[in-house]
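Peer 1: need a structure here:
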Amino acid sequence: MARVTASATGPDLQPLTDRAPGAVLFCRHGRPVTTAAFLHDALTLAETLPDAAGHMINLCRDRYAFAVAFAAALLRRQPCLLTGDRSEAGLATLAQRFPRAYAAAEDLGTGPLPGCPVRPAGEAPATAPQVPRIPARQLAAVVFTSGSTGAPVPHNKLWGALVARSQAAAAQFALDADRPSTVVGTVPPQHMYGFELTVLLPLHAPAASWCGPAFYPGDVNAALTAVPAPRLLVTTPLQVRALLRAGTGLPPLQAAISATAPLDRDLAAEAERHWQAPMLEIFGATEVGSVASRRTLDGDVWAAYPDVVVQQDTEAATVSAPWAEPVALADHIETLDARQFRLLGRRTDLVKLGGRRASLSGLNRILLGLDGVADGVFVVPGDLEQRATARLMAVVVAPRRSPDSILAELRGRVDPLFLPRRVVCVDALPRNELGKLPQGALLALLARHDMPA
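Peer 2: Just a heads-up that it's a prediction; the model follows:
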């Protein structure tokens with residue numbers, strides 16, 4: 001088996017990490033993991049990876065194990081496939097699409113795929129390893145969309161682009177080398193947002209990432225309490241709402257950062273009142289990663305990351321950044337200057353009925369704002385534009401409310417044309433770990449309640 005060695009230096013090479021050997025990159029099992037320990041674990045695992053493999057499917061749930069597996073695959077020039085679908089059917093589809101792929105996981109529960117165990121020690125070696133350097137144009141990862149608007153779509157990520165974006169995020173959020181931040185993320189590392197801010201960021205910015213449980217409100221509080229200040233909470237609107245409803249206090253935060261869906265202004269204001277910290281948002285997509293940020297309460301203007309250019313062309317908004325090809329966005333924007341812009345809405349967000357238009361995300365915000373509604377979503381029938389009598393539907397989680405009472409309250413807040421023809425109450429919506437609703441899971445739920453979309 002070929003040994004892994006550090007690459008020579010050159011203008012198109014980027015280090016695996018540029019942190020000092022004793023810097024803390026991760027917090028795992030209550031103990032700090034240094035750069036030297038991380039490099040040792042990555043190099044050790046790289047020596048054991050299959051020679052003839054094409055892609056690694058990184059299924060590790062532990063954030064540190066995920067980071068080590070990603071780095072090991074990078075060293076062996078094996079791109080990581082990052083997907084949130086761990087089902088047997090989903091993995092079987094990947095196996096057919098990438099016939100030389102194998103799965104890395106803490107255990108061997110890899111379904112139809114050959115498996116490679118990942119059990120890093122996190123112990124610093126006596127001598128710090130030399131930092132490997134990776135070609136900037138090397139394909140590092142293939143990240144799949146969540147499937148909320150259809151079948152998951154893959155997007156290639158070059159190593160140089162990932163490094164540049166991590167460095168830009170550090171500058172955007174003013175991370176201080178003299179006081180490194182600790183990131184507690186509630187999002188999985190297989191998603192682009194979680195991948196960037198909880199795995200890649202510590203490799204190239206003064207930050208360490210928590211690797212223990214941090215999904216339920218009690219776990220989030222315990223994680224933040226266990227790590228040193230300054231603390232960054234990386235989360236989603238759904239989890240912000242869950243934390244506030246749980247009434248669980250949090251230790252002092254440097255900031256809370258949200259992404260994956262628009263953050264309601266009232267929710268942001270409530271979060272800032274309770275947590276006494278700025279509530280920030282990131283704008284991005286799987287196609288491009290994170291490209292801009294804002295403090296929600298400061299208004300609707302977004303500031304692009306350093307070296308990122310977002311502009312509205314004749315037909316579409318595009319974003320370009322170092323080591324990345326220009327990518328068309330699913331959003332309309334208004335450019336204000338070289339770095340600032342406003343979002344005017346997603347091209348797929350508008351619902352048209354009877355010559356009128358409504359924002360689907362706006363309708364969902366109204367639904368979620370009703371008293372007693374814990375979760376809910378408007379559903380657009382697939383034949384809305386073909387069938388004159390077609391109307392919207394709504395699926396809600398509201399244990400103490402009836403469908404009729406919800407519909408009656410909506411009548412005073414929604415244009416009659418966009419009122420749901422039917423409101424169905426369910427125990428839970430099939431959201432994934434990011435709070436998104438995969439289209440397949442939503443369609444299956446509708447079928448169980450005799451609500452064809």
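Peer 1: And the pLDDT for the closest residue to Thr186 other than its chain neighbours?
Peer 2: Of all residues not flanking Thr186 in the chain, Thr235 sits nearest, at 4.5 Å (C-beta to C-beta, 6 or more residues apart in numbering). In short, each C-beta sits where N, CA and C put it, glycine included. pLDDT, Thr235: 97.
Peer 1: Give the bridge partners for Thr235, please.
Peer 2: Ser258 (DSSP bridges).
Peer 1: What count of nearby residues applies to it?
Peer 2: 26 (other C-beta atoms under 10 Å).
Peer 1: so how far is Ala42 from Ala121?
Peer 2: 12 Å (C-beta to C-beta, to the nearest Å).
Peer 1: related to what we said a few turns ago, wait, isn't the residue nearest to Thr186 in contact with Val183?
Peer 2: No: counting by C-beta atoms under 8 Å, Thr235 stays clear of Val183, with 10.7 Å between them.
Peer 1: Helices of the stretch 201-350 of the chain, residue ranges please.
Peer 2: 201-204, 217-226, 237-246, 265-275 (DSSP state H, counting those that start in this stretch).
Peer 1: Output stretch 377-384 as PDB, restricted to C-alpha atoms.
Peer 2: Provided in PDB are the C-alpha atoms of stretch 377-384 (Å, rounded to 0.1, in the frame of the first residue of the first chain):
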ATOM      1  CA  VAL A 377     -45.900  23.800   5.900                       C
ATOM      2  CA  PHE A 378     -48.000  24.900   2.900                       C
ATOM      3  CA  VAL A 379     -48.000  22.300   0.100                       C
ATOM      4  CA  VAL A 380     -48.200  23.200  -3.500                       C
ATOM      5  CA  PRO A 381     -50.000  20.600  -5.700                       C
ATOM      6  CA  GLY A 382     -47.900  19.300  -8.600                       C
ATOM      7  CA  ASP A 383     -50.700  20.300 -11.000                       C
ATOM      8  CA  LEU A 384     -51.300  23.800  -9.700                       C
END
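Peer 1: in it, what counts as buried?
Peer 2: Val377, Phe378, Val379, Val380, Pro381 (16 or more other C-beta atoms under 10 Å).
Peer 1: Next: stretch 355-369.
Peer 2: Ala358, Ser359, Leu360, Gly362, Leu363, Asn364, Arg365, Ile366, Leu367, Leu368.
Peer 1: Which one of the residues you listed is nearest to Ser405?
Peer 2: Ser405 lies nearest to Leu367 out of the buried residues of stretch 355-369, by C-beta to C-beta, at 13.1 Å.
Peer 1: which stretches of the stretch 251-400 of the chain have low pLDDT?
Peer 2: Across the stretch 251-400 of the chain, the ranges flagged by pLDDT under 70 are 347, 383-386, 388.
Peer 1: rerun that using 80 as the cut-off
Peer 2: 313-316, 344-350, 354-357, 382-390 (pLDDT under 80).
Peer 1: which SS state does the residue at minimal distance from the centre of the chain fall under?
Peer 2: By C-alpha atoms, centre = their mean, the chain has its centre lying nearest to Tyr193, at 2.9 Å. Here Tyr193 is helix, with the state taken from DSSP: H, G, I helix; E, B strand; the rest coil.
Peer 1: State the distance from it to Asp371.
Peer 2: 30 Å.
Peer 1: Same check on Ala37?
Peer 2: Counting by C-beta to C-beta, the gap from Ala37 to Asp371 is 50 Å.
Peer 1: Neighbour count for these two, which is higher?
Peer 2: Ranked by neighbour count (other C-beta under 10 Å), Ala37 and Asp371 place Ala37 first, with 27 against 10.
Peer 1: Am I right that the more buried one sits in a strand?
Peer 2: No: according to three-state DSSP, Ala37 belongs to no strand; its state is helix.
Peer 1: how about the nearest residue to it, chain neighbours excluded?
Peer 2: For Ala37, the spatially nearest residue (C-beta to C-beta, 6+ apart) is Ala124, at 4.3 Å.
Peer 1: what's near enough to touch that neighbour?
Peer 2: Residues near Ala124 by C-beta atoms under 8 Å, 6 or more residues apart in numbering: Thr34, Ala36, Ala37, His40.
Peer 1: I figured the third one was touching Ala126, is that so?
Peer 2: When you say that, I think you mean Ala37. No: applying C-beta under 8 Å as the test, Ala37 and Ala126 come out as separate, 11.5 Å apart.
Peer 1: the strands in the stretch 51-200 of the chain, which residues?
Peer 2: 56-58, 80-82, 102-105, 115-117, 133-135, 139-144, 154-158, 181-185 (DSSP state E, counting those that start in this stretch).
Peer 1: okay if I get the ones you listed as TSV plus distance to Leu200 and mean neighbour count?
Peer 2: TSV is the format used below for those (distance: least, C-beta to C-beta, whole Å; neighbours: other C-beta atoms under 10 Å):
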stretch	distance to Leu200	mean neighbour count
strand 56-58	13	27
strand 80-82	12	25
strand 102-105	17	24
strand 115-117	21	17
strand 133-135	12	18
strand 139-144	9	22
strand 154-158	10	19
strand 181-185	11	26
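Peer 1: Compare these and say which comes out lowest on pLDDT.
Peer 2: Among those, strand 115-117 carries the lowest mean pLDDT (a mean of 90).
Peer 1: Quick one: list the elements packing against it.
Peer 2: strand 102-105 (3 or more C-beta pairs under 8 Å, 6 or more residues apart in numbering; DSSP states H and E).
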